[in-house]
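Q: The sequence and its predicted three-dimensional model are supplied below.
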Amino acid sequence: MRGSPARSGGSAQPGDSGARARSPQGPETGQPQPQPIAWIGDPSQPAERGLWGRPDQLSLPLDDRGLTLADGLFETVLVEQGQARLLDAHLERWRRSAAILGMEQPPSKQLIKPLIAAALERAQAACGALRLNWSRGSAPGRGIDLPAAGEPPLLHRFWLQFTPLQPCFSPVSTWISQLERRQGTSQLSQCKTFAYGQAIQARREARSAGAKEALLLGTGGELCCGATANLLVCTGGTWLTPPLASGCLPGVMRGRALELGLAQEATLDPELLLQPVHGSNNDSSKDSVSAALLLNSLGCRPIRAVNGQALGSAGQAHGDPGWASALAESLWRSLLLEA
């Protein structure tokens, strides 16, 4: 594989351990607190040959297509207890997406694992979000064209970032976007690309309407996904998720739910989330929605309201306001269990 390092901003140098040494100390224990850390370089070389530093210390060349054209892919991997969870599934989607977009294959697991271990050591953390980035690299001139046959290929660029955090299971209010829709026939919908402008605008619309998260429809008007998560809806005691034809991203956790038989694909009308709801998660009524979740690798959030209308009876029916979050976490953790 080909890769080229970025130029560094700030004081980071190849092999620099300053970010680890400068970690702020906790007010009570005096121990270093977990800190974000980043690395950029050629993953086929030892980690010390690349650049380590805080994310705000490192930089990309201004001609990188990932920067100028969002021409790149990324994966967000959960790290718990020092282990990258479902890493193989994430790397498989990464490779598949690179093939779809005509990019070179990204770094292998063998090359990435030592970098992950080094990042966790420097971050002084065992839990967080690991982002793996793969850009098509620097372009020799302006424009969107790729090199023609016989011309030198672009040198792709890799970097990673680790951010300490805990998985989230808190309920969230949502708004069905009227301005943005996912395109089911686009190859880009199958890939986790750098281009998140649509998700940003949908969430901006939701915040303006007083909600915290956006729900997006597919081009046919069916339910598709959240701005940064897949959608699960429980009807008649069965978890349903929109098919890929709706335009939703083939999320790793969504894939696990289908693989384990915990969810089924189904075309979902948005009215399902807007009608009065009765019963509980075990409601046998086919058209009754008892719960809905936004699912990704970093957590699973129950939807408590859609367009200002309360959703489901989860929690209230059980007399436990934390029931929905417990349900979400239980389902989410069952998807992390690897054979």
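A: That came in fine, so what should we check first? Nothing here was measured: the structure is a model prediction, and the numbers come from that model. Numbers count the residues shown, from 1 in each chain.
Q: what's the neighbour count on residue 127?
A: 16 (other Cβ atoms under 10 Å). For every residue, glycine as well, the C-beta is placed using N, CA and C.
Q: Hmm, residue 176 is touching residue 218, no?
A: No: in terms of Cβ atoms under 8 Å, residue 176 does not count as a neighbour of residue 218; the distance is 11.9 Å.
Q: okay, the two: which has more neighbours?
A: residue 218 (23 against 19).
Q: can you pull the pLDDT of the closest residue in space to that one that isn't next to it in sequence?
A: Spatial nearest neighbour of residue 218, chain neighbours left out: residue 246 (3.6 Å); criterion: Cβ to Cβ, 6 or more residues apart in numbering. pLDDT recorded at residue 246 is 97.
Q: can you check the one 3 residues further on too?
A: Residue-level confidence at residue 249 comes out at 98, pLDDT.
Q: Let the chain start at 87 from now.
A: Happy to do that; since the first residue is 87 now, the last one works out to residue 335.
Q: Quick check: it touching residue 279?
A: No: at 9.7 Å, residue 335 does not count as touching residue 279 under the criterion of Cβ under 8 Å.
Q: Who has more neighbours out of the two?
A: Counted by other Cβ under 10 Å, residue 335 and residue 279 do not tie: residue 335 has more neighbours, with 22 against 18.
Q: Now do the same contact list for the nearest residue to that one once chain neighbours are set aside.
A: Spatial nearest neighbour of residue 335, chain neighbours left out: residue 278 (6.2 Å); criterion: Cβ to Cβ, 6+ apart. Taking Cβ atoms under 8 Å, 6 or more residues apart in numbering, we find residue 278 in contact with 159, 160, 161, 162, 179, 180, 183, 335.
Q: which stretches of this structure aren't confidently modelled?
A: Scanning the chain for pLDDT under 70 picks out 87-118, 362-373, 398-407, 425.
Q: got the domain boundaries for it?
A: 104-250, 258-421 (automatic domain parsing).
Q: Any idea how far the shortest one is from the middle of the chain?
A: Right, the one you point to is domain 104-250. Put simply, domain 104-250 sits 14 Å off its chain's centre (Cα atoms, centre = their mean, to the nearest Å).
Q: If you count contacts, what does the longest strand along the chain end up packed against?
A: Counting residues, the longest strand in the chain under DSSP state E turns out to be strand 258-268. Under the contact definition 3 or more Cβ pairs under 8 Å, 6 or more residues apart in numbering; DSSP states H and E, strand 258-268 sits against helix 283-294, strand 299-304, strand 309-312, strand 385-392.
Q: Out of the ones you listed, flag the one nearest residue 194.
A: Nearest to residue 194 among the helices and strands packed on strand 258-268 is strand 385-392; the distance by Cβ to Cβ comes to 27.8 Å.
Q: And the strands in the stretch 287-425 of the chain, which stretches?
A: Along the stretch 287-425 of the chain, counting by DSSP state E, counting those that start in this stretch, strands occupy 299-304, 309-312, 316-321, 324-327, 350-351, 375-382, 385-392, 395-396.
Q: Measure how the third one sits relative to strand 299-304, angle-wise.
A: Our comparison of strand 316-321 with strand 299-304, counting by axes from the mean of the first three to the mean of the last three Cα atoms, to 10 degrees, yields an angle of 90 degrees.
Q: For strand 316-321, buried residues please.
A: Neighbour-count burial for strand 316-321 flags 316, 317, 318, 319, 320, 321 (criterion: 16 or more other Cβ atoms under 10 Å).
Q: Kindly report the same for the fourth one.
A: Using 16+ other Cβ under 10 Å as the test for burial, strand 324-327 gives 325, 326, 327.
Q: Now distance to residue 413 too, for those, in TSV please.
A: Formatted as TSV, the buried residues of strand 324-327 follow (distance: Cβ to Cβ, whole Å):
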residue	distance to residue 413
325	11
326	15
327	16
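Q: Tell me the one of those nearest residue 204?
A: Within those, the smallest distance to residue 204 is 36.1 Å, found for residue 327 (Cβ to Cβ).
Q: The closest one is in contact with residue 342, isn't it?
A: No: counting by Cβ under 8 Å, residue 327 sits too far from residue 342 to count as a contact (11.3 Å).
Q: All good on my end, thank you.
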